[in-house]
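Engineer: just to be clear, the model below is a prediction. Sequence and coordinates:
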Amino acid sequence: MLYSAKQGTNLPRMQGLASNEQAKAELKAVLDSGFFAHAPSLAQVLSYVCSKCFEGEAHKIKEYNIAVEALGRAPDFDQKKDSIVRVEAHRLRKRLREYYAGEGADHSIEIVIPRGQYVPQFVPKESALALTESVEADVEEAEPAESLNGDGAVPTTIGATQQGSPTTPRLWFLAGAAVLAMVLVTWRSVPSHWLSGVAKAEGHEAIVIPGREDQEVRILAGSSAGKYLDRFGNLWLGDHFANGGAVFTAAPSYPIRGAQDPILFQSRREGSFSYDIPLKPGVYELHLYFAETLFGAGNLAGGGETYRLFDILANDKPLVSNLDVVADAGEANTADEKVFRDITPGADGYLHLKFPPALKEKAFVNAIEIVPGMPGRLRPVRIVARETPVTSKDGQIWGADRDFVGGQRVLRSEPVKGTSDPELYRGERFGNFTYSIPVVPGRYSVTLRFCESWFGPKKPAGGGAGDRIFDVYMNGVALLRNFDIFKEAGGGDRPLDKVFRELKPNAQGKLTFSFVPVHNYALVNAIEVVDEGAN
């Protein structure tokens, strides 16, 4: 039987086909695989429902609880008006099917969330198909508002045919045909250079999933780790595809300022080296991460600006010349990110990143990230002041809080009025703080989202207009002076968006927003940056 890790109570009969250890190991394998790395909300839901099972609380896996506890919806969540859980559950079922049809095909245990239910089931591979949705029903449709029996519980027998459902043999036949078709389509769609890349590049098969429309590559330079899942749900691999140079792994003398995930900066490759990274054809964004921990005030080698200068090339074309990480980041032991758009693989199917012999000292890099791009534009940057991502009503993913220095974060419980996306305004960063968002040269539209949830009548702090006043600067230029959210919004718990166009980054490629208190703390709830392109 499968037992609760905390209470020792038996879980529903459907989970009884796998032991507690097997079920936990399977969940870990799925999440560590990277298949959910670019779908953090689905990973969050999967982790939540499985954890409830492990804790002996499968009876608490209901639509409301998933919305509030896993997806961060407000306590006044109304499942009749908001279908987010049903939509995410449908996406999760589809993603699990894809995983077990591909990367997880050799697993003996599968995680299944039967249609109309939210309670996961850990079943042997041969029994899993009887519980999955019919392949003929793989369409984007809303899930039932409640589970089939109304309380989130699961049936008491395995493989039972539900009324109106196809029989198990028919399911096996349909599934076999679908898998065969998937294999044929995938094989025909894989470019010949990609197949040769698999043979030539060790570990390539761990990064690219054949047949996927997108490709994301994340490398911790100099790291001997196999895999690492960062706090944003992204999967990073250890050092892959490198040639030359030397690797270093050591805790820095001081914490890395502005690093929301310090692991990215705990190792580096240094010297004269290159990375030959196999990529499918397409347009990509390249993000390179640096933190100078050797030179600079307080570091072993002392010095600072001008002590290390180096170039970076992509497919023999210059990306950046004379990079001085200390000057670029503002000081040593500080996270620095450089972004490049319109990156494409060469004719041989590889992105060749070169760090040639440096002008002064040795070139280095801490981490490399490659994500699908948009021709001629950077992908929009959307940030909410929250620990976890938020999906807006239009389906856009707003990433968890990052790129900040200073301030404090809080999650408000008060409902926000007058918006279809109240979750964008519940998280709040307040204090005296900055957001420094890396971009490429160009012009950008920026939307700052605000909501006053602390000052006002019947609020914890009381008062109202005039009780919070602050300035907002972008790269030293004032965007807002003596800004009073309560006054401009016409009261508390009301959204207020400020849009600024044709903003240009500074010489270091950053849009740096400074929130400076005038009277009481400054705050912001969310930030959106959109590349305006050539126009």
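Structural biologist: Received, thanks. Residues are numbered from 1 along each chain as shown.

Engineer: in terms of pLDDT, where does the closest residue to residue 76 other than its chain neighbours sit?
Structural biologist: Among residues not flanking residue 76 along the chain, residue 415 sits closest, at 5.3 Å (Cβ to Cβ, 6 or more residues apart in numbering). Any C-beta I mention is one placed from the backbone N, CA and C, and that applies to glycine too. At residue 415, the model reports a pLDDT of 87.

Engineer: distance check, residue 415 against residue 490.
Structural biologist: Counting by Cβ to Cβ, to the nearest Å, the separation of residue 415 from residue 490 is 16 Å.

Engineer: residue 349 contacts residue 278, correct?
Structural biologist: Yes: Residue 349 is within contact range of residue 278, at 5.8 Å (criterion: Cβ atoms under 8 Å).

Engineer: and those two? Which one has more around it.
Structural biologist: Taking other Cβ atoms under 10 Å, residue 349 and residue 278 do not tie; residue 278 has more neighbours (24 against 20).

Engineer: partner residues bridging that one?
Structural biologist: Here residue 278 sits in beta bridges with residue 350, going by DSSP bridges.

Engineer: hang on, it packs against residue 352?
Structural biologist: No: applying Cβ under 8 Å as the test, residue 278 and residue 352 come out as separate, 10.6 Å apart.

Engineer: so where do the helices sit in the stretch 51-200 of the chain?
Structural biologist: 63-65, 84-101, 125-128, 168-189, 192-200 (DSSP state H, counting those that start in this stretch).

Engineer: for the stretch 351-500 of the chain, that is, sorry about that
Structural biologist: 485-489.

Engineer: show me where it has its strands.
Structural biologist: Along the stretch 351-500 of the chain, counting by DSSP state E, counting those that start in this stretch, strands occupy 363-365, 367-372, 381-384, 390-391, 397-398, 404-405, 408-411, 427-431, 433-438, 444-451, 469-474, 477-483, 495-503.

Engineer: could I get the ones you listed as a markdown table with mean pLDDT?
Structural biologist: Below are the strands of the stretch 351-500 of the chain laid out as a markdown table (pLDDT from 0 to 100):
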| stretch | mean pLDDT |
| --- | --- |
| strand 363-365 | 97 |
| strand 367-372 | 97 |
| strand 381-384 | 97 |
| strand 390-391 | 90 |
| strand 397-398 | 92 |
| strand 404-405 | 95 |
| strand 408-411 | 95 |
| strand 427-431 | 97 |
| strand 433-438 | 98 |
| strand 444-451 | 98 |
| strand 469-474 | 98 |
| strand 477-483 | 98 |
| strand 495-503 | 98 |
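
Engineer: would you tell me which of those strands gets closest to residue 37?
Structural biologist: Minimum separation from residue 37 across the strands of the stretch 351-500 of the chain (Cβ to Cβ) falls at strand 367-372, 10.6 Å.

Engineer: now residue 233. Nearest residue, chain neighbours left out?
Structural biologist: Nearest to residue 233 is residue 40, by Cβ to Cβ, 6+ apart, at 3.4 Å.

Engineer: that neighbour against residue 391, yeah?
Structural biologist: No: counting by Cβ under 8 Å, residue 391 is not a contact partner of residue 40; they are 9.8 Å apart.

Engineer: let me know how buried residue 238 is, in neighbour terms.
Structural biologist: Residue 238 has 17 neighbours, counted by other Cβ under 10 Å.

Engineer: where's it relative to residue 278, distance?
Structural biologist: Taking Cβ to Cβ, one finds residue 238 at 16 Å from residue 278.

Engineer: now residue 95
Structural biologist: Look at residue 95 and residue 278: by Cβ to Cβ, they are 24 Å apart.

Engineer: next one: residue 443
Structural biologist: 34 Å.

Engineer: about what we covered before: who has more neighbours out of residue 415 and residue 490?
Structural biologist: Here residue 415 and residue 490 are compared on neighbour count by other Cβ under 10 Å; more neighbours surround residue 415, at 14 against 10.

Engineer: list the contacts of that one.
Structural biologist: For residue 415, the contacting residues are 74, 76, 422, 493, by Cβ atoms under 8 Å, 6 or more residues apart in numbering.

Engineer: also residue 288?
Structural biologist: Applying Cβ under 8 Å, 6+ apart, one finds that residue 288 lies in contact with 312, 337-338, 340, 365, 367-369.

Engineer: relative to strand 350-355, how tilted is the helix or strand where it lies?
Structural biologist: If you go by DSSP states H and E, residue 288 is part of strand 284-290. Counting by axes from the mean of the first three to the mean of the last three Cα atoms, to 10 degrees, strand 284-290 lies at 30 degrees to strand 350-355.

Engineer: next structured bit after strand 284-290?
Structural biologist: Tracing the chain C-terminally past strand 284-290 and defining elements by DSSP H and E, one meets strand 310-314 next.

Engineer: with just CA atoms, put that next one into PDB.
Structural biologist: Output in PDB follows, covering the C-alpha atoms of strand 310-314 (Å, rounded to 0.1, in the frame of the first residue of the first chain):
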ATOM      1  CA  PHE A 310      37.700  40.300 -22.800                       C
ATOM      2  CA  ASP A 311      35.700  39.700 -26.000                       C
ATOM      3  CA  ILE A 312      32.900  37.200 -26.900                       C
ATOM      4  CA  LEU A 313      32.100  36.000 -30.400                       C
ATOM      5  CA  ALA A 314      29.100  34.000 -31.700                       C
END
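
Engineer: which elements pack onto it?
Structural biologist: Applying 3 or more Cβ pairs under 8 Å, 6 or more residues apart in numbering; DSSP states H and E, one finds that strand 310-314 makes contact with strand 317-323, strand 350-355, strand 363-365.

Engineer: between these, which gets nearest to residue 299?
Structural biologist: Here strand 363-365 is closest among those (Cβ to Cβ), at 13.4 Å.

Engineer: the residue nearest to residue 233 and residue 230: what is the separation?
Structural biologist: From residue 40 across to residue 230, the span is 10 Å (Cβ to Cβ).

Engineer: and for residue 247?
Structural biologist: Distance check for residue 247 against residue 230: by Cβ to Cβ, it reads 20 Å.

Engineer: over to residue 351?
Structural biologist: In terms of Cβ to Cβ, residue 351 sits 21 Å off from residue 230.

Engineer: which one's more surrounded, the two?
Structural biologist: Neighbour totals were compared for residue 351 and residue 230, and residue 351 leads with 21 against 16 (other Cβ under 10 Å).

Engineer: grab the nearest non-local neighbour of residue 474.
Structural biologist: residue 513 (5.5 Å).

Engineer: tell me what the one you found is bridged to.
Structural biologist: residue 435, residue 474.

Engineer: so what's it up against?
Structural biologist: For residue 513, the contacting residues are 434-437, 446, 448, 472-474, 479, 524, 527, by Cβ under 8 Å, 6+ apart.

Engineer: now, which of the residues you listed sits nearest residue 89?
Structural biologist: residue 527 (29.5 Å).

Engineer: count the neighbours of residue 408 for me.
Structural biologist: Neighbours of residue 408 under the rule other Cβ under 10 Å: 12.

Engineer: separation between the residue nearest to it when sequence neighbours are not counted and residue 521?
Structural biologist: Ranked by Cβ to Cβ, 6+ apart and with sequence neighbours excluded, the top spatial neighbour of residue 408 is residue 431, at 5.4 Å. Distance from residue 431 to residue 521, counting by Cβ to Cβ: 5 Å.

Engineer: go on, residue 497?
Structural biologist: The value you get for residue 497 to residue 521, if Cβ to Cβ is used, is 20 Å.

Engineer: now do residue 104
Structural biologist: Residue 104 is 47 Å from residue 521, where distance means Cβ to Cβ.

Engineer: was I right to think residue 285 contacts residue 370?
Structural biologist: Yes: using Cβ under 8 Å, residue 285 is in contact with residue 370, at 7.2 Å.

Engineer: list residues touching both of the two?
Structural biologist: By Cβ under 8 Å, 6+ apart, the residues touching both residue 285 and residue 370 are residue 343.

Engineer: domain boundaries for this structure, per the record?
Structural biologist: Annotated domains of the chain cover 13-155+164-177, 195-372, 381-531 [automatic domain parsing].

Engineer: top of the contacts of residue 415 by number of neighbours, please.
Structural biologist: Compared across the contacts of residue 415, residue 422 has the highest neighbour count, 21 neighbours, by other Cβ under 10 Å.
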